[in-house]
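Novice: just the structure for this:
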Amino acid sequence: MRKRQKFVLTAILLALGIAAIQIAPLGWRYGLVAFLAALSWVLAGWSLKEGLSGVEWLTVPLPMALYTAGMGFFFILLPSQWWWSVMVLVLFGVGQYALLLTANIFSVAAIRTIALFRAASAVGFVMTLATGFLLYNSLLSFRLASWANGVGVALISLCLLVPALWSSELAESVTRRVWFFGVWLAILIGLLAVGVSFWPVSLAVGSLFLTTALYVYLGISQHHFSSRLSTRTMWEYVTVGLVVLVTMLVTAG
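Specialist: The predicted structure follows:
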């Protein structure tokens with residue numbers, strides 16, 4: 001079976017699994033999401049096994065597993081109208097397929113230069129933000145204590161940041177620099193989550209604010225890793241962050 005066929009089959013199987021969430025008994029839904037996340041890792045490894053080696057078995061399939069978990073938890077929160085379900089399943093299938101294509105490019109680019117690397121980096125960046133929003137939104141919906149939100153958001157951010165930063169280097173291992181940036185940026189986003197827990201904003205606004213922080217920190221870090229960071233680029237990211245921060249303050253309730 002060709003890689004593209006494996007990618008399509010993987011996306012369809014996982015989409016069917018996501019569809020089963022809303023018809024499963026309520027007590028089984030979170031366990032089903034965890035199972036689908038693990039299954040997506042296995043299917044991603046099966047689809048990409050020819051190009052994976054060493055640390056790539058961790059960094060390449062992880063975004064697919066996180067995206068599946070984020071969409072699964074988010075799907076539980078959605079109303080049960082059929083058109084919502086169809087729209088989410090289509091978006092999930094397309095997103096999963098895009099992640100598999102991106103992962104395939106990264107696994108090849110780790111060995112040799114490939115022309116599509118920059119396009120794959122852009123897609124990977126967007127999908128990291130989308131996954132972050134889904135996971136942040138799902139976590140904040142539990143209305144946990146502020147410290148629990150901080151720890152949860154920090155762990156989610158670390159899992160998102162490490163593969164994204166590694167893709168800027170494509171080294172044979174996760175370097176000390178990747179871990180340093182990943183850990184400290186995750187802590188910073190976790191501290192912001194603690195602050196959001198005390199702020200009277202809606203779930204969507206709080207999730208968007210944390211996603212914007214991920215956008216700013218990850219965007220600046222990736223430009224730094226690729227030696228393309230300039231003052232102008234940094235201010236472009238910071239300006240977006242400030243606009244969202246002001247919007248959150250204005251809409252607070």
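Novice: how does this protein divide into domains?
Specialist: 1-114, 144-253 (automatic domain parsing).
Novice: closest to Gly124 out of these?
Specialist: For Gly124, the closest of the domains of the chain is domain 1-114, at 4.8 Å, according to CB to CB. Where C-beta positions appear, they are placed from N, C-alpha and C, glycine not excepted.
Novice: reformat the domains of the chain as CSV; add mean pLDDT, mean neighbour count and distance to Thr131.
Specialist: Listed next are the domains of the chain as CSV, based on pLDDT from 0 to 100; neighbours: other CB atoms under 10 Å; distance: least, CB to CB, whole Å:
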stretch, mean pLDDT, mean neighbour count, distance to Thr131
domain 1-114, 86, 18, 5
domain 144-253, 91, 17, 6
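Novice: and of those, who's closest to Leu129?
Specialist: Among these, domain 144-253 comes nearest to Leu129, with 5.6 Å by CB to CB.
Novice: and the domains of the chain as TSV, adding distance to Ser138?
Specialist: Shown next, in TSV, are those (distance: least, CB to CB, whole Å):
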stretch	distance to Ser138
domain 1-114	4
domain 144-253	9
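Novice: those: which one's closest to Thr128?
Specialist: domain 144-253 (5.0 Å).
Novice: distance from the closest one to the middle of the chain?
Specialist: Domain 144-253 sits 12 Å away from the centroid of its parent chain (CA atoms, centre = their mean, to the nearest Å).
Novice: contacts for the one helix or strand Leu249 maps to next, please.
Specialist: Following DSSP states H and E, one finds Leu249 within helix 231-251. Residues outside helix 231-251 that contact it (CB atoms under 8 Å, 6 or more residues apart in numbering) are 199, 201-202, 205-206, 208-209, 212-213, 215-216, 219-220, 223.
Novice: elements contacting the longest helix along the chain?
Specialist: The longest helix of the chain (DSSP state H) is helix 82-109. Applying 3 or more CB pairs under 8 Å, 6 or more residues apart in numbering; DSSP states H and E, we find helix 82-109 packed against helix 3-19, helix 29-48, helix 62-77, helix 117-140.
Novice: cutoff 10 Å now
Specialist: helix 3-19, helix 29-48, helix 56-59, helix 62-77, helix 117-140, helix 146-169 (3 or more CB pairs under 10 Å, 6 or more residues apart in numbering; DSSP states H and E).
Novice: re earlier: the domains of the chain: which one's closest to Val123?
Specialist: Here domain 1-114 is closest among the domains of the chain (CB to CB), at 4.9 Å.
Novice: tell me how far the closest one lies from the chain's centre.
Specialist: On CA atoms, centre = their mean, the centre of domain 1-114 falls 11 Å from that of its chain.
Novice: then stretch 119-126?
Specialist: 12 Å.
Novice: thinking again about what came up before, okay, the contacts of helix 231-251 in a markdown table with secondary structure and distance to Trp235 next?
Specialist: Converted to a markdown table, the contacts of helix 231-251 look like this (DSSP: H, G, I helix; E, B strand; the rest coil; distance: CB to CB, whole Å):
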| residue | secondary structure | distance to Trp235 |
| --- | --- | --- |
| Trp199 | coil | 25 |
| Val201 | coil | 26 |
| Ser202 | coil | 29 |
| Val205 | helix | 24 |
| Gly206 | helix | 25 |
| Leu208 | helix | 21 |
| Phe209 | helix | 19 |
| Thr212 | helix | 15 |
| Ala213 | helix | 16 |
| Tyr215 | helix | 14 |
| Val216 | helix | 11 |
| Gly219 | helix | 12 |
| Ile220 | helix | 10 |
| His223 | helix | 12 |
